[in-house]
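Novice: Sequence first, predicted model second:
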Amino acid sequence: MTHSNDVLIFDTTLRDGEQSPGATMTHDEKMEIAEMLDDMGVDIIEAGFPIASEGDFQAVSEIAKLAKSATICGLSRANYKDIDRCWDAVKHAKSPRIHTFIGTSPLHRAIPNLNMDEMAERIHDTVTHARNLCDNVQWSPMDATRTEWDYLCRVVEIAIKAGATTINIPDTVGYTAPRESADLIRNLIATVPGADDVIFATHCHNDLGMATANSLAAVEGGARQIECTINGLGERAGNTALEEVVMALKVRHDIMPYSTKIDTRKIMNISRRVATVSGFAVQYNKAIVGKNAFAHESGIHQDGMLKNRETFEVMKPEDVGLAGTSLPLGKHSGRAALRAKLNELGFDLADNQLNDVFVRFKDLADRKKEVFDDDLMALVYQNDTDDDRLKLKSLRVVCGTEGPQKADMVMEIDGADVETSATGDGPVDATFNAVKALFPHGARLQLYQVSAVTEGTDAQATVSVRMEEDGRIATGQSADTDTVVASAKAYINALNRLLVRREQSEPGYDVKGVSYKDA
Ligand code: KIV
Ligand code: ZN
């Protein structure tokens, strides 16, 4: 097979990204992100790990049914039960794919305690099993970059002969470096019989900050699929960031003549959405999607920019979906102006959604003179719903230099109003203690993060709260001009989501002690 210079984009935000501690998303959020990925031209969406839980299975099958053009892929370990469950979830897609993997490096082989021959046999059997179900099978030797070269060639050949159509080479622990990444793919293609008949993929983690460089180098070595996530979300230091590889290929097409199908103008919106639902804020100086990526503060930079944008910019903000500076809205702006502005920002809201946002907008505009684009986006992304079991009705906090601070709170819990007063070490602590008094729970606060949406002392604060209970993790978000109110709402939002997870959760499937052929 001759491969053109088209590079497939395989997005694993909903699998590798969502798997990172604290980044869990609700079912509806996964649907929304999947739709955005499909819409922006992602070729393959890895929608989840169907055997991991009933929730994962449901999400993958629903995404499979809804996807318009992307191939929908599910992950499975190297056993028949995982693979069958994966197929059951993805088979509804117009274009389904089964992705199956096993760790092939010495350290990973030791986990299932398989010798090289036993593992080779398992790879042959499981890829054959997957291929009997689905024409499109991806196989990954996990920790490939630390697998012995001869053994890697041997197992890649086995997987190809067993019917794998894509061979993914993961740098699971972010260990490789660009030259090595390119050579590894180039040498595999040159050495392994049948390599020309499959697509080689690269899947890099960012532990040494080289994921983007390693992915691009792999493409130069012959890989034609990049695995990545929005904002580089993922375990530890994350995965390759989709926006970085896509924009690098676009901007430096002169030296990297490869193309993707991504509509880059959709990057900013999905980046913001993933940051909100995952609770992983984007660092200000993050390439492409950071708040400062296109900001020019210093006098010399501003002067240069006014004369010629290219002085300090290698790409246009519009190319990644950043609208040019436009006038803020205020309290006299009407529904039509709000709709127009939201459309400009890439939102196409149904009438009832627009009504909800309009109510919140009016409330904010009463308290804040100018409502900027970022304010509006924070309003759109408020994710409390009418179905929430816990709601904040009112909050009054007494602060002063003499502690302790006191919070008087009314909450609605399962439809009934309850109220209390609580003290604490600071206003936020008093507020959280009030919630705990009204709704006793064992969840542990893992993260509490506040950031200003815009500048000025009347700016809204966005608060992210991550809570953990019995291994389940949920993130809550809220924005308000009052930081303590935003904190209370974010905390309650996290609790609501934890309650949903508690209701939905079931233990993941454990393969230990089960033959890999047992279905
Ligand atoms: O990093 C990794 O090795 C993975 C595999 C499951 C492909 O995510
Ligand atoms: Zn990974």
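Specialist: Received, thanks. Ligands and ions are numbered 1, 2, ... in the order given.
Novice: Please count neighbours and contacts with C-alpha atoms only from this point.
Specialist: Fine.
Novice: By mean pLDDT, point me to the weakest helix or strand of the protein.
Specialist: helix 299-307 (a mean of 60; mean pLDDT, DSSP states H and E).
Novice: any idea whether residue 243 is helix, strand or coil?
Specialist: Under DSSP: H, G, I helix; E, B strand; the rest coil, residue 243 falls in the helix class.
Novice: Check whether it really touches residue 267, as I assumed.
Specialist: Yes - Residue 243 lies in contact with residue 267 (Cα atoms under 8 Å); the separation is 6.6 Å.
Novice: Common neighbours of the two, please.
Specialist: residue 289 (Cα atoms under 8 Å, 6 or more residues apart in numbering).
Novice: Residue 158: neighbour count?
Specialist: Counted with other Cα atoms under 10 Å, the neighbours of residue 158 add up to 22.
Novice: likewise residue 291?
Specialist: For residue 291, using other Cα under 10 Å, the count is 13.
Novice: Same check on residue 257?
Specialist: Residue 257 has 12 nearby residues by other Cα under 10 Å.
Novice: Does residue 442 touch residue 469 like I think?
Specialist: Yes - taking Cα under 8 Å as the definition, residue 442 is a contact partner of residue 469 at 6.5 Å.
Novice: So for the residue in the chain that ligand 1 sits nearest to, what's the pLDDT?
Specialist: Of all residues in the chain, the one sitting closest to ligand 1 is residue 172 (3.7 Å; Cα to the nearest ligand atom). For residue 172, the model assigns a pLDDT of 97.
Novice: Excluding sequence neighbours, find me the nearest residue to it.
Specialist: residue 143 (4.9 Å; Cα to Cα, 6 or more residues apart in numbering).
Novice: Near ligand 1, which residues of this structure are found?
Specialist: Contact residues, the chain versus ligand 1 (Cα under 6 Å from any ligand atom): 16, 101, 140, 142, 143, 170, 172.
Novice: if I pick the second one, what's in contact with it?
Specialist: Okay, so that is residue 101. Residue 101 makes contact with 75, 76, 77, 78, 139, 140, 141, 142, according to Cα under 8 Å, 6+ apart.
Novice: now the first one
Specialist: By Cα under 8 Å, 6+ apart, residue 16 lies in contact with 229, 233, 234, 235, 239.
Novice: What of the fifth one?
Specialist: Applying Cα under 8 Å, 6+ apart, one finds that residue 143 lies in contact with 103, 104, 105, 108, 170, 171, 172, 173.
Novice: how near is residue 494 to residue 279?
Specialist: 10 Å (Cα to Cα, to the nearest Å).
Novice: List of residues touching the helix or strand residue 394 falls within?
Specialist: In this assignment (DSSP states H and E), residue 394 forms part of strand 390-398. Applying Cα under 8 Å, 6+ apart, the set of residues contacting strand 390-398 from outside is 405-414, 427, 431, 485, 488-489, 492-493, 495-496.
Novice: do the same with stretch 64-78
Specialist: 15, 34-35, 38, 41-51, 60, 63, 82-83, 86-87, 89-102, 122-123, 126, 516.
Novice: let's go with 7 Å and repeat that
Specialist: Contact with stretch 64-78 is made by 35, 38, 42-50, 60, 82-83, 86, 90, 92-93, 95-102, 126, as judged by Cα atoms under 7 Å, 6 or more residues apart in numbering.
Novice: Restricted to helices, list these.
Specialist: Among the contacts of stretch 64-78, DSSP state H puts 35, 38, 60, 82, 83, 86, 90, 126 in helices.
Novice: was I right about the third one contacting residue 48?
Specialist: Pointing back at residue 60 there. Yes - under the criterion of Cα atoms under 7 Å, residue 60 makes contact with residue 48 at 5.8 Å.
Novice: CSV please, covering the ones in helices among the contacts of stretch 64-78 and showing pLDDT.
Specialist: Compiled in CSV, the ones in helices among the contacts of stretch 64-78 are given as follows (pLDDT from 0 to 100):
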residue, pLDDT
35, 97
38, 98
60, 98
82, 97
83, 98
86, 98
90, 98
126, 98
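Novice: what stretches of the protein score poorly on pLDDT?
Specialist: For the chain, applying pLDDT under 70 flags the ranges 1-3, 296-309, 311-312, 324-326, 383, 504-514, 518-519.
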